[in-house]
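Participant: I would like the atomic coordinates for the input below:
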Amino acid sequence: MVVSRRTFVGTCALSALAMAGCVNTTDAKATKQKSFFCFDTACSIGGVMEDSTLREMVKRCQGFEQTLSRTIAESDIGRVNAAAGATTQVDPETADLVSLALDYCERSNGLFDITIGAVSELWDFHEGVVPSDEAIKEALGHVGWRGVHVEKDASTITLDDPHARIDLGGIAKGYVADVLLDELEAQGVTSAFVNLGGNVAVLGPKEDGTPWEVGVRDPLNESGEKSLASVRTEGGSVVTSGLYERQFEKDGRRYWHILDPRSGYPADSDIISASLYTQRSIDGDGLTKPLFMLGLDGALAFLEEQGVDGLLVAQDGSVHQSASSSFVLR
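Facilitator: The predicted structure is shown next:
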């Protein structure tokens, strides 16, 4: 479905509505919220819960970062990558996430590949470092998700290639959001949200019984304050990925952080923003990145094939939605 829209200019950004740029909680008087920095992004968790529960969820989130980050040498992923192919004992949740992530690698025919770490460690989107063609070519030889083996019962991970590197940055936040909401629900919480940057997930309605409103910011609005579309939900997740999230310009060329595992370079795409509405946040995380590699037509076909509710913004400013879409344009 193609939706006509006005022409936009300017830079791109993502948010959902209101507090912390993600969830409208202004009319939920007893709803508590805590904002913090984690996973290299601004995060917030909130809902109708005890202060101690809120603190526990923030600490839980921070613990996941220490376990799953590729850049922390002592993390599970850091140890797996440094093991030169040796079987490595990890936390059961790490084994669970890697096992789930491999399913998204298969579903996307490798357009999402958690062994992109051999390439992503060459790039620095904070300092504007562009690796050489030779370095990228060499690293691509170590990209291949089929060489990752997980034994969930034993909580171990083994890499066939001693030079392979796992990078869970493209899927970890979705997994963590799901775990946090599952744990809150198990503790009897009936109204909560988790906002991990581009991942927003909610549990139940707001305190007043109305749905949460999760919005997608217009990626081409210069002020960065306008919302392009929104979803009203009482349980589900909106995940948005965009070429604008982390980028830099060097020698007249712009580079963004979504890397194509086939080339090792930023995705060459006619899509600048992809938003998915799913029941589980990990689904949105695992399925947004391949859309950029598929291009607009291929992405729309992939959404229909996977039965996923999505909204895509093309480079020309046009908005495209899956045949059955919960996104309401503003």
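
Participant: What helix or strand is residue 180 located in?
Facilitator: Element membership for residue 180 (DSSP states H and E) is helix 172-186.

Participant: what mean pLDDT does that helix have?
Facilitator: Averaged across helix 172-186, pLDDT comes to 98.

Participant: what do you get for stretch 240-255?
Facilitator: 77.

Participant: where do the helices sit along the stretch 201-330 of the chain?
Facilitator: In the stretch 201-330 of the chain, the segments counted as helices under DSSP state H, counting those that start in this stretch are 281-306.

Participant: Give the residue spans of it that score low on pLDDT.
Facilitator: When residues are selected by pLDDT under 70, those of the stretch 201-330 of the chain lie in 222-225, 245, 247, 255.

Participant: Swap in 80 and give it another go.
Facilitator: Scanning the stretch 201-330 of the chain for pLDDT under 80 picks out 221-226, 243-256.

Participant: And the strands in it?
Facilitator: Secondary structure of the stretch 201-330 of the chain, counting by DSSP state E, counting those that start in this stretch: strands at 212-217, 227-233, 235-242, 247-250, 253-256, 271-278, 309-314, 319-321, 328-329.

Participant: I'd like those strands laid out as CSV, including mean neighbour count and distance to residue 168.
Facilitator: C-beta coordinates here come from the backbone N, C-alpha and C atoms, glycine included. Below are the strands of the stretch 201-330 of the chain laid out as CSV (neighbours: other C-beta atoms under 10 Å; distance: least, C-beta to C-beta, whole Å):
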stretch, mean neighbour count, distance to residue 168
strand 212-217, 26, 24
strand 227-233, 20, 26
strand 235-242, 25, 15
strand 247-250, 13, 21
strand 253-256, 14, 19
strand 271-278, 26, 18
strand 309-314, 24, 22
strand 319-321, 20, 29
strand 328-329, 14, 32
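
Participant: Of all those strands, which one comes closest to residue 66?
Facilitator: Proximity to residue 66 (C-beta to C-beta) singles out strand 235-242 among the strands of the stretch 201-330 of the chain, at 22.8 Å.

Participant: Quick one: residues in contact with the closest one.
Facilitator: 12-14, 16, 174, 177-178, 198-204, 214, 216, 219, 231, 258, 272-281, 283-285, 288-289, 291-292 (C-beta atoms under 8 Å, 6 or more residues apart in numbering).

Participant: Nearest to residue 190, out of the strands of the stretch 201-330 of the chain?
Facilitator: Closest to residue 190 of the strands of the stretch 201-330 of the chain is strand 235-242 (C-beta to C-beta; 10.3 Å).

Participant: which among the contacts of strand 235-242 end up buried?
Facilitator: For the contacts of strand 235-242, a burial check counting by 16 or more other C-beta atoms under 10 Å picks out 12-14, 16, 174, 177-178, 198-204, 214, 216, 219, 231, 258, 272-278, 280-281, 283-285, 288-289, 291-292.

Participant: In CSV: the strands of the stretch 201-330 of the chain, plus distance to residue 34.
Facilitator: Below are the strands of the stretch 201-330 of the chain laid out as CSV (distance: least, C-beta to C-beta, whole Å):
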stretch, distance to residue 34
strand 212-217, 17
strand 227-233, 22
strand 235-242, 19
strand 247-250, 29
strand 253-256, 30
strand 271-278, 25
strand 309-314, 29
strand 319-321, 33
strand 328-329, 29
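
Participant: quick one, what contacts the closest residue to residue 272 other than its chain neighbours?
Facilitator: Spatial nearest neighbour of residue 272, excluding adjacent residues (C-beta to C-beta, 6 or more residues apart in numbering): residue 243 at 5.1 Å. By C-beta under 8 Å, 6+ apart, the contact list for residue 243 reads 12, 256, 258, 266-267, 269, 271-273, 292.
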